[in-house]
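Enquirer: Below are the sequence and a predicted model for it; my questions follow.
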Amino acid sequence: MNILVCFLTLLAVFRTVASIRCYVCNATDTSSPFQCGELFERYDTPDIEPQDCSDVHGAQYCVKHIGRFEVGAISCYQCSSAETMDCSDLMINQPDSPLQPMPCDSVHDAEFCVKSTALYGGIGAKRFCSSKDLGNYCNYVQNVGDRMEYRSCIFTCSTDGCNLSSTLRSSHVFIAISTVISLVLFLA
């Protein structure tokens, strides 16, 4: 009986020694942020320790996943203020807004949400999904025949529902009212 206990103990020790140890973490884990970044440099000392992988049958390699590996695609607001007023910055920020982020299943390899402001049947916004990072920038543009320039912006982000507008500030309200008054006076 003692020989059997010694053999099983040695077998358990041998199995643990023979197994590999891997870092097991998730970059979106809020309990230990910044511990599962893209790179571990030689001299980095992360707070996490490699885990024993003996419970994974036949484990021989550690695998590092990079990118989005959730079950579904990213979810973004998808609308145009030319089609619905609910897509405007003022309306989409309301707590009872009918618009909600929707999965980007119709866009192949969608990883980004985009908010674009420009002339879309009037100054407005489009919110959509993209497989490419379109960047973050604003330009002043003028269409052929226009007397005024307007500001056109692109904002790209990579988390669910991130293409919601920012909170309105008094300066934004002032600019919006000034723009409407200027257009009315210009057209009159």
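Expert: Cool, the structure landed.

Enquirer: Strands along this structure, start to end?
Expert: 21-22, 51-52, 75-76, 79-80, 102-103, 112-119, 123-130, 137-141, 150-157 (DSSP state E).

Enquirer: would you turn the ones you listed into CSV with mean pLDDT?
Expert: Listed next are the strands of the chain as CSV, based on pLDDT from 0 to 100:
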stretch, mean pLDDT
strand 21-22, 84
strand 51-52, 86
strand 75-76, 94
strand 79-80, 90
strand 102-103, 92
strand 112-119, 89
strand 123-130, 88
strand 137-141, 89
strand 150-157, 90
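
Enquirer: Tell me which of the ones you listed is the most buried.
Expert: strand 75-76 (a mean of 24; mean count of other Cβ atoms under 10 Å). Where you see a C-beta, it was placed from the backbone N, CA and C, and this is true even at glycine.

Enquirer: what's next to that one, contact-wise?
Expert: If you take Cβ atoms under 8 Å, 6 or more residues apart in numbering as the criterion, strand 75-76 is touched by 101-104, 110, 113-114, 127-129, 160-163.

Enquirer: run the last query once more with 7 Å
Expert: Strand 75-76 has contacts (Cβ atoms under 7 Å, 6 or more residues apart in numbering) with Pro101, Met102, Pro103, Cys104, Cys113, Arg127, Phe128, Cys129, Asp160, Gly161, Asn163.

Enquirer: same question, stretch 130-144
Expert: 107-112, 114, 119, 149-156.

Enquirer: quick one, domains of the chain?
Expert: By the assignment in automatic domain parsing, the chain contains the domains 2-52, 75-164.

Enquirer: Deepest in the core, which of those is it.
Expert: Compared across those, domain 75-164 shows the largest average neighbour count, a mean of 15 (mean count of other Cβ under 10 Å).

Enquirer: re the thing from before, among the domains of the chain, which comes closest to Gln60?
Expert: domain 2-52 (6.8 Å; Cβ to Cβ).

Enquirer: the helices in this protein, which residues?
Expert: In chain order, the chain shows helices spanning 2-18, 89-92, 170-187, with DSSP state H as the criterion.

Enquirer: average pLDDT for the shortest one?
Expert: Right, helix 89-92. Per-residue pLDDT over helix 89-92 has a mean of 79.

Enquirer: ok so, going back, could the contacts of strand 75-76 go into a markdown table alongside distance to Tyr23?
Expert: Shown next, in a markdown table, are the contacts of strand 75-76 (distance: Cβ to Cβ, whole Å):
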| residue | distance to Tyr23 |
| --- | --- |
| Pro101 | 31 |
| Met102 | 34 |
| Pro103 | 30 |
| Cys104 | 30 |
| Cys113 | 30 |
| Arg127 | 37 |
| Phe128 | 36 |
| Cys129 | 32 |
| Asp160 | 26 |
| Gly161 | 30 |
| Asn163 | 32 |
